[in-house]
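*Asks:* Build the 3D model from these lines:
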Amino acid sequence: MIGLFWITEESVHLGAEPEGQGRGVRLTPEGLEAVGADQRGSWAWADVRAVDVHHVQVRASTGWLMHSVADTVLDLGAGIGEAPPPFELHVRTATDETAELTVHCAVPGGYVQSEYELSLELLHRFVDGTADVARLLEWGRAEGGATTPWRPAREALLRSWATN
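*Replies:* So this is what the prediction gives:
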């Protein structure tokens, strides 16, 4: 997980990668695709005019750390914990079609403010064609998507993807 992006060797998702009946959004170099139960559609980047993210839980870095540690202890110790909250991605196309998609947060306690802002910048760069999802996929293949780097490394990756 890097910012709002869930990156594996094979795919990039906004928020958590959906499992079972979960909902989500897969990003590809060609565009974005709604995935999961009761959620369908795909849009080429060239046809997308805007994306807006709504209702994302954002925290200061210390609050995020304390909440994440508490959730991990609860999950491991008692098998209980808070389910990751949903948020929305609104996709507007050149034909003024608007799709409201549900995405689940990859982190139960919400995202760190700085990573959230960098993620939005990168997402908007995908829309305007000045950044490419392929760079995230390359990182996923090289790193195996099996680990989440420390926050300074995540922020550096987001900056480099958004600027090059």
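
*Asks:* Give me the buried stretch members for the helix or strand hosting Phe87, please.
*Replies:* According to DSSP states H and E, Phe87 maps onto strand 86-93. Within strand 86-93, the residues that count as buried by 16 or more other CB atoms under 10 Å are Pro86, Phe87, Leu89, Val91, Arg92, Thr93. No exception for glycine: its C-beta is placed from N, CA and C like everyone else's.

*Asks:* what's the answer for stretch 94-111, then?
*Replies:* Residues of stretch 94-111 classed as buried under the neighbour-count rule (16+ other CB under 10 Å) are Ala99, Leu101, Thr102, Val103, His104, Cys105, Ala106, Val107, Pro108, Gly109, Gly110, Tyr111.

*Asks:* where does the fourth one land in three-state SS?
*Replies:* In other words, Val103. Three-state assignment for Val103 (DSSP: H, G, I helix; E, B strand; the rest coil): strand.

*Asks:* and the closest residue to it other than its chain neighbours, how many neighbours?
*Replies:* Leaving aside its sequence neighbours, Val103 sits nearest to Gly15 (CB to CB, 6 or more residues apart in numbering; 3.7 Å). If you count neighbours by other CB atoms under 10 Å, Gly15 ends up with 28.

*Asks:* And the helices in this structure, which stretches?
*Replies:* Using DSSP state H, the helices of the chain run over residues 61-78, 113-128, 133-143, 151-163.

*Asks:* and the ones you listed, which one is worst for confidence?
*Replies:* Note on these: lowest mean pLDDT is at helix 61-78, with a mean of 45.

*Asks:* just the buried residues of strand 86-93 now: which is nearest Ala44?
*Replies:* Closest approach to Ala44 among the buried residues of strand 86-93 (CB to CB): Thr93, at 9.2 Å.

*Asks:* which ones are touching the closest one?
*Replies:* Going by CB atoms under 8 Å, 6 or more residues apart in numbering, Thr93 touches Trp43, Asp47, Val48, Arg49.
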